[in-house]
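1. Pasting the sequence and the predicted coordinates here, then a few questions.
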Protein chains: 2
Amino acid sequence: MAVPPGTRRPRQAPIATLSRVAPRPTLRDVATAAGVHPATASRALNEDTRSLVRPATVERVRQVATALGYSPNPIARSLKTNRSETVGVLVPDITNPVFPPIVRGVEDFLAEHGYTALTANTDNDPERAALNFAAMQARQVDGYIIATARRDDPLLHDAAGRGVPMVLVNRQTEGLDVSAVTGDDSVGISRVVDHLVDLGHTRIGHVAGPSSTSTGIARERAFRSALERYDLSAAAAVTAQAFTEAAGRTAMLELLEAGAPTAVVAGNDLLAIGCYDALDDLGLECPRDVSVVGFNDMPFIGRLRPPLTSVRVPQYELGIEAARLLLDRLSGRSTTPRSVLLPVTLVVRGSTAPPPGARARRRGRGSAPSPG
Amino acid sequence: MAVPPGTRRPRQAPIATLSRVAPRPTLRDVATAAGVHPATASRALNEDTRSLVRPATVERVRQVATALGYSPNPIARSLKTNRSETVGVLVPDITNPVFPPIVRGVEDFLAEHGYTALTANTDNDPERAALNFAAMQARQVDGYIIATARRDDPLLHDAAGRGVPMVLVNRQTEGLDVSAVTGDDSVGISRVVDHLVDLGHTRIGHVAGPSSTSTGIARERAFRSALERYDLSAAAAVTAQAFTEAAGRTAMLELLEAGAPTAVVAGNDLLAIGCYDALDDLGLECPRDVSVVGFNDMPFIGRLRPPLTSVRVPQYELGIEAARLLLDRLSGRSTTPRSVLLPVTLVVRGSTAPPPGARARRRGRGSAPSPG
DNA sequence: TTGTACGCGTTATCAA
DNA sequence: TTGATAACGCGTACAA
C-alpha cells in the first residue's frame, strides 16, 4: 500500500504466526518519545557527534533509548556508512587444532571493540578462498584476517592492490606490503637444532611443510642454516605435500629410506604425528630409534605417545595481535604495514633423546658453538 | 550536498586515498546497462519473481549482470527483507576440540545454501551468552544454532517464547520445545558398561559432567541404569564442576578415594584426560590399575598415552544436521520441532583392560544378560 | 509484462 | 544547537 510520506508504517499485523519476534524500537521511536528529531537522536547517541548536541538533550535521548531498550540497527547503519564493523577471517580448516586458538584470539579482541568475525574455511583451495573472500566482500566486511596466505597468492596481491585492509597471520605472502603476525620460525628451528645437537645427533633430517606456504619454506631454510652453524648438513630432507598427518607419514617413509637420520625435525606438529605413524609402520620406536620434533605445540600434543617435543608458538596472542593491527589500520591510527614476530620457545618432551648408542654430548642450554 | 531526486550520486571522488576499494556495481547500474527499470532488473535477478519477467528480458539482464560482475548488496537486501541469510552459532569455546567439527559441519551446510555463520564463544557464562545473543539479534541473524544450552536456560526459554528460530546441538534444555540434534548418550554409555563388564569389571565408577548440562545428567542416568541391568551399582560417582581436564582430575581424585573402582566412565574425553592426570598423581597406571573410558571420541584422543577408549559421536554430522533443521525451519518447510538422535559407536582402545588380577569374563560383543 | 513510488533505519549535509 | 531532507541499495504493492 502506498502511504503518504511521514506516515508511520502499520506495525506488524497481529496475525498469529509461529515466529512473532517482537519488533525492535527504531531511532524514530526514540526520537518521538524524546520529543526530538531523529537526526538529533542519532547525533546524541553517536559517540563522535555527541558534542554537537546540547548536554541536556543528550541525556534525555539516552534515557529514553535505554528505557525503550533501543539499540541501533547495524544493517541500516552499514547501508549508510559502507562499514559493517565486521571482519572476515579466512582459515584453512578450523578443525586443524592450530587454528582455534588463533581464531579465538581474533574474536576476543574484535568483540572487545564492537567488531564481529565472519569465519570461513578454505581447505587450502585458492578457489574456495576466492569465493569466500568475495562473499565476505559482498557482506561489506571492513577488512580481513588471513591465515590461509600462500607464498604466491594472486588473490591477496589483487585485493591489497585495491586497498582492501588486511592482516596476515601465521603465514605470509611474498612481496605483499601488508601487516603480518607470525611466530619466529627461524629462532624456533634454531633452538630445535641446538637441542638435537646437544643430545648428540649429527644425522638430522627434515620433513618440510609444503613449499606453497611461507612457513614450509622459512622453516626449511632455518633448518639448513642452523645445521651449517654446526658444520653439519641435512641427513635428508623431504617436502610434504600438505600440513597433514598423512602427508607427514609419506614424507617420513621416504626420508628414512633416503638418509637414515637419528633425529627428524618436522615442519609442524601434524607432520610430526605423521612421522610417528611412519616409525610405527617400520617397527621403529621414538625416541629410542629416532627422535622427532614438531612445531607449534598445538593443544594436547604434550599428551601424545610419546609426548612431542615442539616449538611453542603463542597462537592466541597471534590472533589478538593480528586483530589489533587490523583495527588500528581500520581506525586510521596506523597506516604503514607492520610485521610482528612473536617469540617462540622450545618445549622439550619425550620424543627426543640421545641417538642410539650414544650419550648426550654436553649439558646446558644449547647455543651455537663460538666460531673457530 | 542536496541532490535532486533521480540524480545519480557522484561516484567516489578520485582523491588518492590509501583504501580506494573499487565501488561495486548496483542494481541500478545493471538496469541502466540493460535498458530496463531497476524494478525489472530486480525481478529478473530474483529466483521467485523471475517468472513475472519476459524470458528475453531476464536473459538480457542476467547477461549484463554477470558482465558487470554484479552481485546484490546483502546489507540493502536485509534492510528491506528483515532477513540476513546469517545464523548465529553459540559455542562454549571453539578451543575445546569437540566443537570445531560441529562448527565446521554447520558452516559447510550453511555455505552450501548461501547462508553465513556468525560464531561466538560464551565460556559457559550465561551472561556472555546473553550478550552475544543480543548482539547477534541486533545483526538480524535469521536464527541460532546453540551448542551452549544449559539444562535450565532462561535465555533460551525466553527467546523460544518470542518465536526466535533455533536449533540446539549436542546439549539440550529441559522443557524447551525446539529442535535438537544430539548423540545417543544412553546407547553410548550402555555400550561402555557392556564393554567394561565384558572385561570383568564389577567396581565401576563415574566422573559425571556438570549437572547444569543435559549431557552430564543424561550420561549419569544412563550409567546407573546400565549398571542395574547387570545387577550392579556404582562403585562411586562424583560430579565434576566443568567439562575440563582440571575438573576431571579433581573429581577423579575424590572418586578413587571414595570407591576404589577398577574402571571409570568419564562424562566426556576432557574429563577422561583429567582422570589420567589423577592416576598419574597417585602413581597408578591406566589401564593396568584402573580402566578409563571417555565420551565423544574427539580428534587425536586415540593418540594419547594410553589411547583412550571412547564413544564416537559424529560431531561433523551433528553440525550438518543442526544446520539442516534450522534452514528447514527458516524456509517454512518444516514447522514442528524435531529431536534428532544420531547413532554413536564404542571405539575400544588401550585405556581399557581387565581389572587387576582377572581375565576377561567372556568374549563376544557385550549385551545385557537375559533377565532371570 | 513492465514502470512508478515508497520505505526499510540510519546518517550526512544543508539550512535555520 | 536542532530540524529538514535526501540517500545508501534493494524489494514490492500498485498502477499501467
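-> That came through fine.

2. Validate this expectation: A:V264 resides in a helix.
-> No - with DSSP: H, G, I helix; E, B strand; the rest coil as the criterion, A:V264 is strand rather than part of a helix.

3. Low-confidence ranges, chain A, go.
-> A:1-22, A:358-372 (pLDDT under 70).

4. any idea how it splits into domains?
-> As assigned by automatic domain parsing, chain A contains the domains A:24-72, A:84-183+A:316-342, A:185-312.

5. now for the first one, what's the gap between its first and last residues?
-> One end of domain A:24-72 to the other measures 9 Å (Cα to Cα, to the nearest Å).

6. anything in that domain near DNA strand D?
-> Yes - counting by Cβ under 7 Å from any atom of the strand, DNA strand D is contacted by domain A:24-72 at A:35-40, A:43, A:52-54, A:56-58. For glycine as for every other residue, the C-beta is placed from the backbone atoms N, C-alpha and C.

7. most tightly surrounded among the domains of chain A?
-> When the domains of chain A are scored by mean count of other Cβ atoms under 10 Å in any protein chain shown, the highest mean neighbour count falls to domain A:185-312 (a mean of 22).

8. would you list the domains of chain A in CSV and tack on distance to B:E174?
-> CSV is the format used below for those (distance: least, Cβ to Cβ, whole Å):
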stretch, distance to B:E174
domain A:24-72, 28
domain A:84-183+A:316-342, 30
domain A:185-312, 32
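
9. of these, which approaches DNA strand C most closely?
-> domain A:24-72 (2.8 Å; Cβ to the nearest atom of the strand).

10. how much distance is there from that closest one to the middle of the chain?
-> 39 Å (Cα atoms, centre = their mean, to the nearest Å).

11. Also stretch A:96-107?
-> Averaging C-alpha positions (Cα atoms, centre = their mean) puts stretch A:96-107 6 Å from its chain's average.

12. And the contacts of that stretch?
-> A:89, A:91-94, A:117, A:119, A:145, A:147, A:169-170, A:243, A:268-270, A:296, A:298-300, A:315-323, B:93-95, B:97, B:100, B:119-121, B:299-300 (Cβ atoms under 8 Å, 6 or more residues apart in numbering or on different chains).

13. just checking, what packs against whichever strand or helix holds A:V193?
-> Using DSSP states H and E, A:V193 sits within helix A:185-199. Packing partners of helix A:185-199 (3 or more Cβ pairs under 8 Å, 6 or more residues apart in numbering or on different chains; DSSP states H and E): strand A:204-208, helix A:214-228, strand A:263-266, strand A:291-293, strand A:310-312, strand A:345-347.

14. Now the ones you listed in CSV, please, with extra columns for distance to A:P355.
-> Listed next are these as CSV, based on distance: least, Cβ to Cβ, whole Å:
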stretch, distance to A:P355
strand A:204-208, 10
helix A:214-228, 15
strand A:263-266, 7
strand A:291-293, 7
strand A:310-312, 19
strand A:345-347, 18
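
15. surely A:H113 meets A:L326?
-> No - A:H113 sits out of contact with A:L326 when judged by Cβ atoms under 8 Å, with a separation of 10.2 Å.

16. residues shared between the contacts of the two?
-> With Cβ under 8 Å, 6+ apart, A:H113 and A:L326 have no common neighbours.

17. Let me know the closest of the residues of domain A:24-72 next to DNA strand D to chain B.
-> A:A39 (14.3 Å; Cβ to the nearest Cβ).

18. roughly how far apart are that closest one and A:L45?
-> From A:A39 across to A:L45, the span is 11 Å (Cβ to Cβ, to the nearest Å).

19. coming back round to it: narrow the contacts of stretch A:96-107 to those in strands?
-> If you go by DSSP state E, the contacts of stretch A:96-107 have A:V89, A:V91, A:A117, A:T119, A:I145, A:V169, B:T119, B:A120, B:N121 in strands.

20. for the residues you listed, which one is nearest DNA strand D?
-> A:A117 (23.5 Å).

21. separation between the closest one and A:G143?
-> A:A117 is 11 Å from A:G143, by Cβ to Cβ.

22. repeat for A:S331
-> Separation of A:S331 from A:G143 (Cβ to Cβ): 11 Å.

23. what's the answer for A:P97, then?
-> 26 Å.

24. Please apply the same query to A:V98.
-> Distance from A:V98 to A:G143, by Cβ to Cβ: 22 Å.

25. what does A:T119 give?
-> Counting by Cβ to Cβ, the gap from A:T119 to A:G143 is 14 Å.

26. any common contacting residues for the two?
-> By Cβ under 8 Å, 6+ apart, the residues touching both A:T119 and A:G143 are A:G88.

27. Taking the stretch 201-350 of chain A, what residue is nearest to chain B?
-> Closest point on the stretch 201-350 of chain A to chain B, by Cβ to the nearest Cβ, is A:R305, at 3.9 Å.

28. Skipping adjacent residues, who's closest to that residue in space?
-> B:R305 (3.9 Å; Cβ to Cβ, 6 or more residues apart in numbering or on different chains).

29. How about the contacts made by that neighbour?
-> A:R303, A:L304, A:R305, A:P306, A:P307.

30. Surely A:D281 touches A:L253?
-> Yes - if you go by Cβ under 8 Å, A:D281 and A:L253 touch, sitting 6.7 Å apart.

31. now the strands: where do they sit in the stretch 1-150 of chain A?
-> A:86-91, A:116-121, A:143-146 (DSSP state E, counting those that start in this stretch).

32. Any chance of the ones you listed in a markdown table with distance to DNA strand C as columns?
-> Shown next, in a markdown table, are the strands of the stretch 1-150 of chain A (distance: least, Cβ to the nearest atom of the strand, whole Å):
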| stretch | distance to DNA strand C |
| --- | --- |
| strand A:86-91 | 15 |
| strand A:116-121 | 16 |
| strand A:143-146 | 18 |
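
33. and of those, who's closest to chain B?
-> The nearest among the strands of the stretch 1-150 of chain A, by Cβ to the nearest Cβ, is strand A:116-121 at 6.1 Å.

34. Now do the closest one: which elements does it pack against?
-> strand A:86-91, helix A:99-112, helix A:126-138, helix B:99-112, strand B:116-121.

35. can you rerun that using 7 Å?
-> Strand A:116-121 sits against strand A:86-91, helix A:99-112, strand B:116-121, with contacts defined as 3 or more Cβ pairs under 7 Å, 6 or more residues apart in numbering or on different chains; DSSP states H and E.

36. Next, format those as CSV and append distance to DNA strand D.
-> Listed next are the helices and strands packed on strand A:116-121 as CSV, based on distance: least, Cβ to the nearest atom of the strand, whole Å:
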stretch, distance to DNA strand D
strand A:86-91, 16
helix A:99-112, 24
strand B:116-121, 16
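
37. Would you reformat these as TSV and include distance to B:C275?
-> Putting the helices and strands packed on strand A:116-121 into TSV (distance: least, Cβ to Cβ, whole Å) gives the following:
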stretch	distance to B:C275
strand A:86-91	32
helix A:99-112	23
strand B:116-121	26
